[in-house]
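# The following block contains a protein sequence and its predicted model.
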Amino acid sequence: MMDFIMVPLVVGIVCAGIYGLFELYVRRKERLAIIEKIGDKLDASAFEGKSGLPAYKSKFSFSALKAGCLLTGVGLGLLTGFIINAEMAANSPLYAANADRWYRNELAGTAYGASVLLFGGIGLLVAFLIEMRMSRKG
């Protein structure tokens with residue numbers, strides 16, 4: 001059934017794997033070159049009195065908030081698209097009886113797509129506003 005997608009999918013996965021391996025080796029060589037450059041300028045006395053890792057300031061990660069608000073917005077968008085679609089089917093004689101199947105599918109797709117994008121964007125804006133408010137307080 002989905003044979004048309006398998007060939008590009010397999011080719012894409014193989015190409016991504018090969019690219020990842022090349023990138024891994026190139027990064028390793030770059031890091032070794034940087035260490036060699038820095039290693040010539042440093043001596044052991046530079047590290048005296050410094051034990052342990054530096055203390056990093058803890059920052060909150062807002063990725064869960066962003067994902068939650070986005071998924072909430074997508075869910076509200078799907079619900080709104082369904083309600084719009086149901087109202088159009090119930091109240092519009094053009095939509096219910098006289099319209100051809102393509103027209104009904106286009107209207108339904110437009111209602112669902114627009115609602116999901118609109119409410120998903122609103123969800124991300126809400127997450128941004130919450131993040132800004134929390135960063136001002138802390």
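Arrived safely, thanks for sending. Everything numeric in this text was worked out from a predicted model, so none of it was measured.
# the longest helix in the protein is where?
Scanning the chain for the longest helix, with DSSP state H as the assignment, gives helix 3-41.
# Give the other helices and strands that the helix or strand just after that one contacts.
Per DSSP states H and E, helix 3-41 leads on to helix 63-91 as the next helix or strand towards the C-terminus. Here helix 63-91 touches helix 101-137, going by 3 or more CB pairs under 8 Å, 6 or more residues apart in numbering; DSSP states H and E. For the C-beta atoms, the positions are set from N, CA and C on the backbone; glycine is no exception.
# Now do the helix it packs on: which elements does it pack against?
Against helix 101-137 (3+ CB pairs under 8 Å, 6+ apart) you get helix 63-91.
# Show me how far the helix it packs on is from its chain's centre.
The chain centre lies 18 Å from the centre of helix 63-91; the measure is CA atoms, centre = their mean, to the nearest Å.
# quick one, that helix and helix 101-137 angle?
Angle, helix 63-91 to helix 101-137, by axes from the mean of the first three to the mean of the last three CA atoms, to 10 degrees: 150 degrees.
# okay, and for this structure, where does confidence drop off?
Low-confidence regions of the chain, defined by pLDDT under 70, span residues 1-2, 43-60, 89-104, 138.
# What count of nearby residues applies to F119?
21 (other CB atoms under 10 Å).
# swap in T72?
Burial of T72 is recorded as 16 neighbouring residues (other CB under 10 Å).
# got a list of what it touches?
With contact taken as CB atoms under 8 Å, 6 or more residues apart in numbering, T72 is in contact with G123.
# Roughly how far does it sit from K66?
Per CB to CB, to the nearest Å, T72 is found 11 Å from K66.
# got it, and F82?
Applying CB to CB, the value for F82 to K66 is 25 Å.
# what does G17 give?
From G17 to K66 the distance is 29 Å (CB to CB).
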